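**Student:** The sequence and its predicted three-dimensional model are supplied below.
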Amino acid sequence: MPARINPSILAADFVNMQRDLERIASADLVHVDVMDNHFVPNLTFGPQMVERIQAVSPIPLDVHLMIDDPDRWALGYAELGAYSVTFHAEAAADPVRLARRLQAIGARAGLALKPGTPVDDVLELLPEFDQVLVMTVEPGFGGQSFMPETMPKLARLRSAVDAAGLDVWLQVDGGITEETIVTAAENGADTFVAGSAVFRAENTERQISLLRDTAAEHIHPGGN
Ligand SMILES: O=C(CO)[C@@H](O)[C@H](O)COP(=O)(O)O
Ligand SMILES: [Fe+2]
């Protein structure tokens, strides 16, 4: 079963972004955290920066929007060529309409859930999405500790995806390390965002392989 590793450039050196993008060229996708200082208490960058990242990145972009009003802003990221655009269920006015509009532009559509957001209301939306992101920390900052209490939610999503025979990637984001990736894989994740665990390593390529192999060993048989 494949295990996708998406390093988060929140842990990169922002003034050496191009160099740090080269350091993760062996990864599957580069995870790009957009924060607006409203939806989360932190600020990163917007479309102008993401367009430059898209232009120089050796691998495609997995954009994670931690912003208010994604119904208004998300399409711009698809238009600049992002491979996937994930917005938060807590912030979107019409998640299904937005997913369809993103897909019409050619991007994969992702739905993200904060740790406290229940999964029940989201299950019926699964057929509309290409991926679901289960936040395993409170969104806003890198370097936090993995929250194991989010795992039952992931396991429920995995059961629902498998039961319906859907091809929906299940992504975890926050506090993913060589240890916590095992728990996340066992509970149904097939796509793993890791910021600090990748960029703190001296040899990022070796670290990406280690994370990928560790996840693959423990991945749930239903993983997409
Ligand atoms: O979306 C977020 C944080 O809100 C993440 O993508 C973090 O950037 C992950 O960083 P680590 O926890 O792996 O350091
Ligand atoms: Fe993220």
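**Tutor:** Everything's here; your move. Numbers count the residues shown, from 1 in each chain. Ligands and ions are numbered 1, 2, ... in the order given.

**Student:** The residue nearest to Val119 when sequence neighbours are not counted: what secondary structure?
**Tutor:** What sits nearest to Val119 in space, not counting adjacent residues and going by Cβ to Cβ, 6 or more residues apart in numbering, is Lys153, at 4.7 Å. The way it works is simple: take the backbone N, C-alpha and C, and place the C-beta from them, glycine included. In terms of secondary structure, Lys153 is helix; the call rests on DSSP: H, G, I helix; E, B strand; the rest coil.

**Student:** from what I can see Lys153 touches Asp120, true?
**Tutor:** No. Look at Lys153 against Asp120 with Cβ atoms under 8 Å: they stay out of range, at 9.7 Å.

**Student:** The two - which one has more neighbours?
**Tutor:** When Lys153 and Asp120 are compared on other Cβ atoms under 10 Å, the one with more neighbours turns out to be Lys153, at 23 against 9.

**Student:** got a list of what the more buried one touches?
**Tutor:** 113, 118-119, 134 (Cβ atoms under 8 Å, 6 or more residues apart in numbering).

**Student:** Next: Leu154.
**Tutor:** 134, 170, 172, 184, 187-189.

**Student:** Skipping its backbone neighbours, what lies nearest Pro58 in space?
**Tutor:** Setting aside the residues directly before and after it, Pro58 is nearest to Ala25 in space (Cβ to Cβ, 6+ apart), at 4.2 Å.

**Student:** Could you work out the end-to-end span of stretch 42-52 for me?
**Tutor:** Separation of the first and last residues of stretch 42-52 by Cα to Cα, to the nearest Å is 21 Å.

**Student:** Quick check: buried residues in it?
**Tutor:** Of all the residues in stretch 42-52, those buried under the rule 16 or more other Cβ atoms under 10 Å are 44-45, 47, 50-51.

**Student:** Would you mind listing what in this protein touches ligand 2?
**Tutor:** Residues of the chain lying close to ligand 2 by Cβ under 5 Å from the ion are 33, 64, 173.
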